[in-house]
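>>> sequence first, predicted model second:
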Amino acid sequence: MSRIGKKPVPLPQGVKVKMEEGKLVVTGPRGTLTQLMPPRVHVNIGAQEITVEPQDDSRLSRSYWGLARTLVSNLVIGTTDGFTRVLELVGTGYKVEAKGDMLVFNIGYSNPVEFPLPKGITAKVEKANRIEFTGANKEVLGQTVAVIRRLRPPDPYKGKGIRYAGEVIRRKVGKAGGR
C-alpha cells in the first residue's frame, strides 16, 4: 500500500478541478495547470478533497498510485501558492542582472551568457549574486533552475560556480604543492 497515495489532497477555497480525456485541469488564483495522469489510477474529485485510488491490486497500479497523488498535489499547490527556488553565484566577479524576461550572467567566460526565462517563470535578482525563481509549474521551474546551474556547476576545488541556496559542496584538497 502506498503511504503517499492514501492521503487525500485538500482543495483550498477558489480552486476548481476537472478531468478531461485523461488530463487533470486545475484552475486557481495563479492560473491554470494541466497534467496528463498516469494510467491505472482513478482520480476522485470531491467538494473538499481529491483522492487517488489504484485501478486494481497489481504491482504496476500501485507504483503509479503515489506518483499520481504527488502530481495532483503539485498542481493544487502550484495554482494556489506557487513554488520557489533560489540560486547563488559564488566566485570573484560572478554576477547576474535581469533585463526584462532575460537573465545576463557574468560567470567567468569571455562573453556574458544570456538566458531567456520560459513562460510562467519569474526571476528576482537579489544582491547581484542571488536569484529567486518563482512559478506555478514545479516541473518547469526545476528544469529551468537545473539548466541555469549547468551553465557553471560548482567546482569541488575552489567552490566557485552556480549552486542551489543551502547546497553543500564537498571540497577536494587538490595538489600538495612544492613540498
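Nice, thanks for sending it over.
>>> my read is that residue 2 contacts residue 62, right?
Yes: assessed by CB atoms under 8 Å, residue 2 is found in contact with residue 62 at 6.1 Å. Every C-beta, even on glycine, is put in place using the N, C-alpha and C of the backbone.
>>> so what sits against both of those two?
residue 54 (CB atoms under 8 Å, 6 or more residues apart in numbering).
>>> pairing partners for the longest strand seen in the chain, with directions?
For the chain, the strand with the greatest residue count under DSSP state E is strand 83-90. Strand 83-90 pairs in its sheet with strand 130-135 (antiparallel), strand 161-164 (antiparallel), by DSSP bridges.
>>> and the residue positioned nearest the centre of the chain, how close does it get to residue 10?
Centroid-nearest residue in the chain, with CA atoms, centre = their mean: residue 142, separated by 3.0 Å. Taking CB to CB, to the nearest Å as the measure, residue 142 falls 23 Å from residue 10.
>>> next one: residue 73
Going from residue 73 to residue 10 by CB to CB gives 9 Å.
>>> between these two, which is the more surrounded one?
Between residue 73 and residue 10, residue 73 has the larger neighbour count (other CB atoms under 10 Å), namely 18 against 11.
>>> for the more buried one, grab phi and psi.
Dihedral angles of residue 73 (phi, psi; degrees, to the nearest 10) stand at phi -60, psi -40.
>>> quick check: bridge partners of the nearest residue to residue 130 once chain neighbours are set aside?
Distances taken as CB to CB, 6 or more residues apart in numbering place residue 88 nearest to residue 130, at 5.3 Å, with adjacent residues excluded. Counting by DSSP bridges, residue 88 is bridged to residue 130, residue 163.
>>> so who does residue 88 touch?
Counting by CB under 8 Å, 6+ apart, residue 88 touches 129, 130, 131, 162, 163, 164, 165.
>>> ok, residue 91 next?
By CB under 8 Å, 6+ apart, the contact set of residue 91 is 107, 108, 152, 158, 160, 161.
>>> same list (the residues you listed) but as a markdown table, adding distance to residue 98 and neighbour count.
Listed next are those as a markdown table, based on distance: CB to CB, whole Å; neighbours: other CB atoms under 10 Å:
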| residue | distance to residue 98 | neighbour count |
| --- | --- | --- |
| 107 | 15 | 17 |
| 108 | 19 | 13 |
| 152 | 18 | 20 |
| 158 | 27 | 14 |
| 160 | 22 | 19 |
| 161 | 20 | 20 |
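>>> would you check which pair of the residues you listed lies furthest apart?
By the measure CB to CB, 107 and 158 form the most distant pair in the contacts of residue 91, at 13.3 Å.
>>> in the least confident helix or strand in the chain by mean pLDDT, what counts as buried?
None of the helices or strands of the chain scores lower by mean pLDDT, DSSP states H and E than helix 3-6, at a mean of 87. Neighbour counts over helix 3-6 (16 or more other CB atoms under 10 Å) mark residue 5 as buried.
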